[in-house]
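# Fold the stuff below for me.
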Amino acid sequence: MFAITGASGNVGRPLVETLAAAGEKVTAVSRNPLSYDLPEGARHVRADLADPATLGPALDGAEALFILLAGELLGGGAPAVDVLAAAKEAGVRRVVLLSSQINGTRPDALSHGRLREFEEAVRSSGLDWTILRPGGFASNAYAWIENVRTQRAVIAPFADVALPVVDPADISEVAAVVLREEGHAGRTYELTGPAAVTPREQAAALAEAIGEQVGFVELTREQAREHMAQFMPEPVIDGTLDILGEPLPAEQRVSPDTEKILGRPAGSFAGWARRNVHAFK
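Numbers count the residues shown, from 1 in each chain. All right, here's what the predicted structure looks like:
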């Protein structure tokens, strides 16, 4: 049995589906009801990583646990060691944590303190553990949906700064492999796309997928900051803009880990755009 937290999102949902398709029994764990029908072999349990006392039914019978923190969970909650203690008490033997590349490249970043706490707790848990550190998600382009739909334009800063964004589907596939297979305990994998691409190039890929011209309007850093301040804490804004505008060489590097684990090249942003073009039409 595999317990998958964050089962409603861009990584958790396909991970549940991949494991179920492989014939595994899966518990899809989320704080809220799911918006999709579970595949055969999967069940849903509502629980909250911020409150380990709720995890018992979700972890019942689970040999492996996938931990995904998002939204409010990145800002606080119960100590990470309590979550791992609950997992160990329930009989979980293997844990896979979805962390972030930033914890390797910018270990003091304020925005990722909660993930660093979980990394430390996972490593000291006494369980078999694997940590996944993806770079920026291709699905961050969903933030452009409204402008692409209404104006056929991408509006973003740093038009020509390239980063090797990763397809969330690849993260899910990697997670499925390391959850099911031996040989990954004690490893930390960095997951990226196959090539660094700029926001301007991403706009061009969306245009090709849609079959219509999509323009690009470049924001200044300050304009981007004002926009992000509507939904993001100040320390997180500055850290995000630093990465997008002044990435470190390590953040622009293409990691071989995805291809090594999956036995195929990492998926491109253009491929992600073609699969998700319906969202932008």
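# any idea of the pLDDT on the residue lying closest to Val197 once chain neighbours are set aside?
In space, and not counting its chain neighbours, Val197 is closest to Phe269: 5.1 Å by Cβ to Cβ, 6 or more residues apart in numbering. Just so you know, the C-beta spots here come from the backbone N, C-alpha and C atoms, and that holds for glycine as well. The model reports Phe269 with a pLDDT of 98.
# Hmm, Gly75 and Arg114 touching each other?
Yes. Arg114 is within contact range of Gly75, at 6.8 Å (criterion: Cβ atoms under 8 Å).
# can you give me how far the helix or strand bottoming out on mean pLDDT in the chain is from the chain middle?
Within the chain, confidence by mean pLDDT, DSSP states H and E is lowest for helix 234-245 among all helices and strands, at a mean of 83. Put simply, helix 234-245 sits 18 Å off its chain's centre (Cα atoms, centre = their mean, to the nearest Å).
# Then stretch 151-159?
Centroid separation for stretch 151-159 versus its chain: 23 Å, with Cα atoms, centre = their mean.
# What is the end-to-end distance of that stretch?
Distance across stretch 151-159, first residue to last, is 18 Å (Cα to Cα, to the nearest Å).
# Give me the residues contacting that stretch.
Residues from elsewhere that reach stretch 151-159 (Cβ atoms under 8 Å, 6 or more residues apart in numbering): 144, 147-148, 198-200, 202-203, 206, 212-221, 223-224, 241, 244-245.
# Please tell me how far the residue nearest to Val197 sits from Val166.
Distance from Phe269 to Val166, counting by Cβ to Cβ, to the nearest Å: 9 Å.
# what is in contact with the two at once?
Ala138, Gly193.
# More neighbours: which of the two?
More crowded of Phe269 and Val166, by other Cβ atoms under 10 Å: Val166, with 27 against 23.
# residues near the closest residue to Glu63 other than its chain neighbours, how many?
Using Cβ to Cβ, 6+ apart and skipping residues adjacent in sequence, the residue nearest Glu63 is Arg93, 5.4 Å away. Other residues lying near Arg93 total 13 when counted by other Cβ under 10 Å.
# Ala28: what secondary structure?
strand (DSSP: H, G, I helix; E, B strand; the rest coil).
# before we move on, the earlier item: contacts for the least confident helix or strand of the chain?
Outside of helix 234-245, the residues within contact range by Cβ under 8 Å, 6+ apart are 102, 106, 109-112, 136, 157-158, 161, 163, 221, 224-225, 228-229, 232, 251.
# Filter those down to the buried ones.
102, 106, 109, 111-112, 136, 157-158, 161, 163, 224-225, 228, 251 (16 or more other Cβ atoms under 10 Å).
# Out of those, list just those in helices.
Taking DSSP state H, the ones among those that sit in helices are Ile102, Ala224, Arg225, Met228, Glu251.
# pretty sure Gly23 is in a helix, no?
No. Under three-state DSSP, Gly23 sits outside any helix and is assigned coil.
# Next, find the distance separating the nearest residue to it once chain neighbours are set aside from Asn10.
Of all residues not flanking Gly23 in the chain, Gly41 sits nearest, at 6.9 Å (Cβ to Cβ, 6+ apart). Distance, Gly41 to Asn10, using Cβ to Cβ: 21 Å.
# what about the two, which has more around it?
Asn10 (21 against 14).
# Assign the more buried one to helix, strand or coil.
With three-state DSSP as the basis, the three-state label of Asn10 is coil.
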